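A.B. asks: 3D, please:
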Amino acid sequence: MASANVHEFTDANFDSAVLGASEPVLVDFWAEWCMPCRMLAPTIDQVAEEFAGKAKVGKVDTDSNREISVKYGISAIPTVILFKNGEPVRRFVGLTSHEELAAAINEAVGG
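C.D. replies: Residues are numbered from 1 along each chain as shown. Here you go, the predicted model:
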């Protein structure tokens, strides 16, 4: 992962790192073989840098972490879910712009 601010979430750490987080958490569900996921990666890195200290940003490799992917009904990737207070509040499927992700995080941070 390119950015030091992008966390790796797994089946093992998802509950504590995402659901137990005090700040909003943006989770990118992706896979290595997924070309749109690779195209989205720089946007995820940019959002992670921009919101460092305000929100947590990370990725779940759906191939390695099937349990959490099934739990949240991930049927197409990339899927990005924004969690606040342990609950999913926004879901984006497919390539999503920096503006859309940043607006959602700003809303979650401020709201």
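A.B. asks: Which pLDDT does the model give the most centrally placed residue in the chain?
C.D. replies: With the centre of the chain defined as its mean C-alpha position, the nearest residue by Cα atoms, centre = their mean is V27, 1.4 Å away. Model confidence at V27, expressed as pLDDT, equals 98.
A.B. asks: How about A2?
C.D. replies: So A2 comes in at 60 (pLDDT).
A.B. asks: Scan the chain for its longest helix.
C.D. replies: Longest helix in the chain, counting residues (DSSP state H): helix 35-50.
A.B. asks: Direction included, what does the helix or strand that comes right after it pair against?
C.D. replies: For helix 35-50, the following helix or strand on the C-terminal side (DSSP states H and E) is strand 56-61. Sheet pairing of strand 56-61 (DSSP bridges) gives strand 6-9 (parallel), strand 25-30 (parallel).
A.B. asks: quick one on the thing from earlier: CA atoms of the longest helix of the chain as PDB?
C.D. replies: The C-alpha trace of helix 35-50 is given here as PDB (Å, rounded to 0.1, in the frame of the first residue of the first chain):
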ATOM      1  CA  MET A  35      -8.400  -3.400 -12.400                       C
ATOM      2  CA  PRO A  36     -11.000  -0.900 -11.200                       C
ATOM      3  CA  CYS A  37      -9.700  -1.500  -7.600                       C
ATOM      4  CA  ARG A  38      -6.200  -0.600  -8.800                       C
ATOM      5  CA  MET A  39      -7.500   2.500 -10.500                       C
ATOM      6  CA  LEU A  40      -9.200   3.600  -7.300                       C
ATOM      7  CA  ALA A  41      -6.100   3.000  -5.100                       C
ATOM      8  CA  PRO A  42      -4.500   6.500  -5.700                       C
ATOM      9  CA  THR A  43      -7.800   8.100  -4.700                       C
ATOM     10  CA  ILE A  44      -7.900   6.100  -1.500                       C
ATOM     11  CA  ASP A  45      -4.300   7.100  -0.800                       C
ATOM     12  CA  GLN A  46      -5.100  10.700  -1.300                       C
ATOM     13  CA  VAL A  47      -8.200  10.600   0.900                       C
ATOM     14  CA  ALA A  48      -6.100   8.800   3.600                       C
ATOM     15  CA  GLU A  49      -3.500  11.600   3.500                       C
ATOM     16  CA  GLU A  50      -6.100  14.400   3.500                       C
END
